[in-house]
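Chemist: Only the shape, not the letters, is given here:
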């Protein structure tokens with residue numbers, strides 16, 4: 001028995017009729033698959049010159065970038081290296097795609113090439129509205145030319161039009177901000193899509209570029225040394241933290257602010273200019289700056305400045321302005337003396353003690369003396385005694401192992417602490433007698449004893465870490481660690497160790513159990529004063545000083561650490 005189904009019902013039940021399915025399939029062959037687009041982001045195969053990368057190499061890179069996932073759309077080109085040379089291949093170019101932009105970067109093929117690096121860009125016309133300008137930068141309100149989309153060349157790649165731009169950066173065109181050309185859209189390494197491109201392409205190109213460009217060791221910007229916009233006397237002076245050519249000073253030097261690029265680049269300072277800078281920075285030293293001996297120093301420093309700026313062997317930008325920095329430091333020392341003794345100082349003192357005044361940090365907080373203390377010094381201390389005290393400190397500093405201290409800022413901490421204590425005493429309207437002799441140890445101890453009388457009432461202090469002194473034997477030396485039992489003992493220790501531990505707020509921190517003060521003796525003599533805090537069961541050393549606030553040497557730190565660990569082990573057995 002057979003039943004012929006209507007055509008409509010046949011189609012509804014087609015799943016049950018394999019014969020009919022095969023017939024329909026034979027009568028209606030499937031449409032051929034559309035060929036996939038091999039270049040979804042464009043076949044941009046001519047951004048890098050062929051003398052750098054061959055057409056075959058570049059096409060291979062374009063193919064790879066088109067097929068890669070977003071974070072991997074980059075390609076690095078290396079020079080071919082023969083096996084006999086046994087050297088690492090060197091990067092010669094980079095091609096990457098990010099934010100709808102193709103970016104090509106390349107290095108010149110030879111060391112003596114006329115340019116530093118080349119760059120090229122291509123932005124699809126449909127996305128050009130997102131990037132109307134590829135910014136280079138601006139400085140001091142001066143417009144550094146940017147890459148405007150409207151000025152780019154339109155070029156057809158396949159069916160798509162692209163805005164393209166190519167640029168060769170030379171010594172004459174390079175600026176401080178030419179790194180913006182390497183990373184025009186500020187691709188950053190901490191974003192999901194920018195991480196690999198920034199780290200693997202952009203940074204590697206910059207690393208390769210650094211090996212071809214003269215650079216300052218102390219400046220991170222690649223082009224700071226080869227750019228006239230950056231490597232000029234104005235900017236080399238202004239880059240120094242001690243020399244700041246602000247708007248008021250700049251108006252005095254150039255009669256305008258901001259300084260035009262032409263004036264800034266072409267300016268060569270004169271002795272009059274340096275004198276103006278020093279007078280502006282150190283107002284109290286005016287009467288000395290105009291003296292013939294100081295004008296001779298300015299002339300010598302200016303010659304050194306020019307010599308350093310043009311010395312190809314000088315690799316540190318900071319060295320250029322160092323002669324002027326030293327003069328400013330010298331003026332600061334003179335100004336501090338003048339602020340106390342005014343005109344009662346023979347000028348030859350400033351010449352005799354020039355090295356001392358240059359190499360002690362008078363601008364630091366320890367040497368910022370209040371008027372009440374200055375008045376006391378002027379009435380009680382001969383200026384010759386102050387110079388003698390400074391000279392002895394400096395001579396002692398030169399005998400230290402680490403006598404090469406940068407920036408001329410040795411901090412005379414004992415004198416600074418002494419002056420602070422004088423100020424504290426005088427504010428209490430207490431009469432303060434001068435010491436018998438103006439030697440720093442006796443001066444400091446005398447003032448500290450007077451300060452202790454008015455600032456340290458007898459108060460018991462907790463001894464939770466060391467309830468009793470702990471004695472240990474280490475390296476043939478008997479060490480003793482203990483906590484002060486009261487403020488009097490703490491003050492007495494400060495006098496013996498010649499530091500400010502007894503005349504400051506340290507006792508208050510101990511009372512409130514915010515920190516521990518541990519005193520260390522060996523050979524029955526005071527040696528170290530330690531401040532510690534406790535966090536998560538770990539004792540942390542906040543500061544440790546030897547006598548007279550001396551910093552420990554590396555050997556002393558190791559020896560102290562080993563002895564202190566022994567003391568803690570002994571302490572753990574005491575209940």
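Modeler: It's in. Remember, it's a predicted structure, so these values are computed and weren't measured experimentally.

Chemist: any idea whether residue 566 is helix, strand or coil?
Modeler: Put simply, residue 566 is helix when judged by DSSP: H, G, I helix; E, B strand; the rest coil.

Chemist: That one is in contact with residue 474, isn't it?
Modeler: Yes: using CB atoms under 8 Å, residue 566 is in contact with residue 474, at 6.0 Å. No exception for glycine: its C-beta is placed from N, CA and C like everyone else's.

Chemist: For the closest residue to residue 185 other than its chain neighbours, grab the count of nearby residues.
Modeler: Spatial nearest neighbour of residue 185, chain neighbours left out: residue 99 (4.6 Å); criterion: CB to CB, 6 or more residues apart in numbering. Under the neighbour criterion other CB atoms under 10 Å, residue 99 is assigned a count of 16.

Chemist: and residue 99, how far is that from residue 180?
Modeler: Using CB to CB, to the nearest Å, residue 99 is found at 14 Å from residue 180.

Chemist: same question, residue 357
Modeler: Distance, residue 357 to residue 180, using CB to CB: 44 Å.

Chemist: In terms of packing, which of those two has more residues around it?
Modeler: residue 357 (25 against 18).

Chemist: Now name the helix or strand holding that one.
Modeler: Assigned by DSSP states H and E, residue 357 belongs to helix 354-359.

Chemist: The helix or strand following that helix: which residues count as buried?
Modeler: Using DSSP H and E, the helix or strand that directly follows helix 354-359 along the chain is helix 371-380. Neighbour counts over helix 371-380 (16 or more other CB atoms under 10 Å) mark 373-374, 376-377 as buried.

Chemist: Reformat these as JSON lines; add pLDDT and distance to residue 212.
Modeler: Converted to JSON lines, those look like this (pLDDT from 0 to 100; distance: CB to CB, whole Å):
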{"residue": "373", "pLDDT": "92", "distance to residue 212": "57"}
{"residue": "374", "pLDDT": "92", "distance to residue 212": "56"}
{"residue": "376", "pLDDT": "95", "distance to residue 212": "62"}
{"residue": "377", "pLDDT": "95", "distance to residue 212": "58"}
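
Chemist: Those residues: which two are farthest apart?
Modeler: Spatial extent of the buried residues of helix 371-380 (CB to CB) is set by the pair 374 and 376 at 7.3 Å.

Chemist: that older thread, relative to residue 112, which of the buried residues of helix 371-380 is nearest.
Modeler: Once CB to CB is applied, the member of these that ends up nearest residue 112 is residue 374, at 62.2 Å.

Chemist: Residue 337 is in contact with the closest one, correct?
Modeler: No: the pair residue 374 / residue 337 is not scored as a contact, 10.5 Å apart, by CB under 8 Å.

Chemist: can you tell me which helix in the protein is longest?
Modeler: Identified as the longest helix of the chain according to DSSP state H is helix 318-341.

Chemist: show me the contacts for residue 314.
Modeler: Taking CB atoms under 8 Å, 6 or more residues apart in numbering as the criterion, residue 314 is in contact with 308, 320.

Chemist: Mind doing that once more with 10 Å?
Modeler: By CB atoms under 10 Å, 6 or more residues apart in numbering, the contact list for residue 314 reads 216-217, 307-308, 320.

Chemist: by contact count, what packs against the longest helix of the chain?
Modeler: If you count contacts as 3 or more CB pairs under 10 Å, 6 or more residues apart in numbering; DSSP states H and E, helix 318-341 packs onto helix 233-238, helix 271-281, helix 286-289, helix 292-309, helix 347-352, helix 354-359, helix 371-380, helix 383-398.

Chemist: Report the distance from that helix to the chain centre.
Modeler: Helix 318-341 sits 24 Å away from the centroid of its parent chain (CA atoms, centre = their mean, to the nearest Å).

Chemist: Give me the angle between that helix and helix 292-309.
Modeler: Per axes from the mean of the first three to the mean of the last three CA atoms, to 10 degrees, the angle that helix 318-341 makes with helix 292-309 is 160 degrees.

Chemist: Between helix 371-380 and helix 318-341, find me the angle.
Modeler: 70 degrees.

Chemist: Averaged pLDDT, helix 318-341. What do you get?
Modeler: Across helix 318-341, pLDDT averages out at 90.

Chemist: Any chance of the contacts of residue 314 in JSON lines with distance to residue 442 and neighbour count as columns?
Modeler: Output for those, formatted as JSON lines (distance: CB to CB, whole Å; neighbours: other CB atoms under 10 Å):
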{"residue": "216", "distance to residue 442": "47", "neighbour count": "21"}
{"residue": "217", "distance to residue 442": "45", "neighbour count": "11"}
{"residue": "307", "distance to residue 442": "45", "neighbour count": "12"}
{"residue": "308", "distance to residue 442": "43", "neighbour count": "19"}
{"residue": "320", "distance to residue 442": "43", "neighbour count": "26"}
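
Chemist: among these, which two are most distant?
Modeler: 217 and 307 (18.4 Å).

Chemist: mind checking which helix or strand residue 534 is in?
Modeler: strand 525-535.

Chemist: did I read that right, residue 557 in a helix?
Modeler: Yes: secondary structure of residue 557 (three-state DSSP): part of a helix.

Chemist: As a check, name the ranges of all helices in the stretch 1-150 of the chain.
Modeler: With DSSP state H, counting those that start in this stretch as the criterion, the stretch 1-150 of the chain has helices at 7-12, 18-27, 55-67.

Chemist: Which stretches in the stretch 1-150 of the chain count as strands?
Modeler: 74-78, 91-98, 101-106, 117-124, 133-134, 138-139, 142-143, 147-148 (DSSP state E, counting those that start in this stretch).

Chemist: Give me the phi and psi for residue 473.
Modeler: Per-residue torsions, residue 473: phi -100, psi 120 (degrees, to the nearest 10).

Chemist: rewinding a little: show me the contacts for the residue nearest to residue 185.
Modeler: Contact analysis of residue 99 by CB under 10 Å, 6+ apart lists 123, 127, 130-131, 184-187, 193-194, 197.

Chemist: returning to what we had before: can you tell me which of the helices and strands packed on helix 318-341 the model trusts least?
Modeler: Among those, helix 286-289 scores lowest, at a mean of 80.

Chemist: Which neighbouring elements make contact with it?
Modeler: Going by 3+ CB pairs under 10 Å, 6+ apart, helix 286-289 lies up against helix 271-281, helix 292-309, helix 318-341, helix 347-352.

Chemist: hang on, the earlier thing: buried sites along the helix holding residue 357?
Modeler: Across helix 354-359, burial judged by 16+ other CB under 10 Å covers 354, 356-359.

Chemist: Next: stretch 429-449.
Modeler: By neighbour count with 16+ other CB under 10 Å, stretch 429-449 contains the buried residues 432, 435, 438, 440, 443-449.

Chemist: Return the subset of those lying in helices.
Modeler: Those of these lying in helices (DSSP H): 440, 443-449.

Chemist: Output the below-cut-off pLDDT ranges for the stretch 451-575 of the chain.
Modeler: Regions of the stretch 451-575 of the chain meeting the criterion pLDDT under 70 cover residues 455-456, 495, 498, 500, 502-504.

Chemist: Do a quick rundown of the helices in it.
Modeler: Using DSSP H, counting those that start in this stretch, helices in the stretch 451-575 of the chain cover 487-497, 506-511, 554-571.

Chemist: Can you name every helix or strand that the shortest one contacts?
Modeler: The criterion is 3+ CB pairs under 10 Å, 6+ apart, and the helices and strands that helix 506-511 contacts are helix 487-497, strand 516-522, strand 525-535.
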